[in-house]
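Participant: can't give you the sequence, but here's the structure:
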């Protein structure tokens, strides 16, 4: 029992008994606590005039508000920069030692997390305008019209970039922003082509040489 933290009611009971002139040696058995705990509560009340124990504020922050802004700005300038590279950059520019965990905590506090970039087709402004025009033209199509469409799906081959996972610093709602995506392109060569007819559910597959 002596190792358990004291509740506010127990602290008030100790202080009430002490104010009534009861000795510490007699208060301890009544509240089932050690005399050292009772003395500590009484001394704390004399020093702060507070019944409840104040929480430890913890270690002082190793970065200032200006340093935090610099960390966030550096991450937003290069969305693909790795955590260790970001640490070296901030440390070199500010001339202060800083850990990778500290940088990660500051970014997480502003809802910036390192996530795998979504793979999307590499589109030029002309491609984007053409796709937008197509979508607007077909936006009012009925279900009957859509059922007559034959959809084609081909396997993807990487021409630029990396086949691995490339991370970016972004917020939760920025997954499809252009600077948070990894552009991919298709090219000729060996591939599998799938032909799917949405209308009757038929699926065909063949190899292209």
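Facilitator: It's in. None of the values given here were measured: they were computed from a predicted structure.
Participant: that's a strand at residue 120, yeah?
Facilitator: Yes. Judged by DSSP: H, G, I helix; E, B strand; the rest coil, residue 120 forms part of a strand.
Participant: and it, how many neighbours?
Facilitator: By other Cβ atoms under 10 Å, 13 other residues sit near residue 120. All C-beta atoms are positioned from the backbone trio N, CA, C, and that covers glycine.
Participant: surely it and residue 177 touch.
Facilitator: No. Counting by Cβ atoms under 8 Å, residue 120 does not reach residue 177; the two are 10.3 Å apart.
Participant: what residues are up against the residue nearest to the spatial centre of the chain?
Facilitator: Centroid-nearest residue in the chain, with Cα atoms, centre = their mean: residue 113, separated by 3.9 Å. Residue 113 makes contact with 107, 169-172, according to Cβ atoms under 8 Å, 6 or more residues apart in numbering.
Participant: mind giving me the PyMOL command for buried ones among the residues you listed?
Facilitator: To isolate the buried subset of the contacts of residue 113 in PyMOL, counting by 16 or more other Cβ atoms under 10 Å, use the following:
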select buried, resi 107+169+170
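Participant: run a quick neighbour tally on residue 181.
Facilitator: Neighbours of residue 181 (other Cβ under 10 Å): 20.
Participant: ramachandran coordinates for it?
Facilitator: Per-residue torsions, residue 181: phi -110, psi 160 (degrees, to the nearest 10).
Participant: ignoring the adjacent residues along the chain, who's closest to it?
Facilitator: residue 120 (4.5 Å; Cβ to Cβ, 6 or more residues apart in numbering).
Participant: likewise for residue 183?
Facilitator: Of all residues not flanking residue 183 in the chain, residue 122 sits nearest, at 3.6 Å (Cβ to Cβ, 6+ apart).
Participant: measure the one you found to residue 130 for me?
Facilitator: 14 Å (Cβ to Cβ, to the nearest Å).
Participant: also residue 19?
Facilitator: 83 Å.
Participant: which parts of this protein belong to which domain?
Facilitator: Per automatic domain parsing, the domain ranges recorded for the chain read 8-48, 65-110, 119-208.
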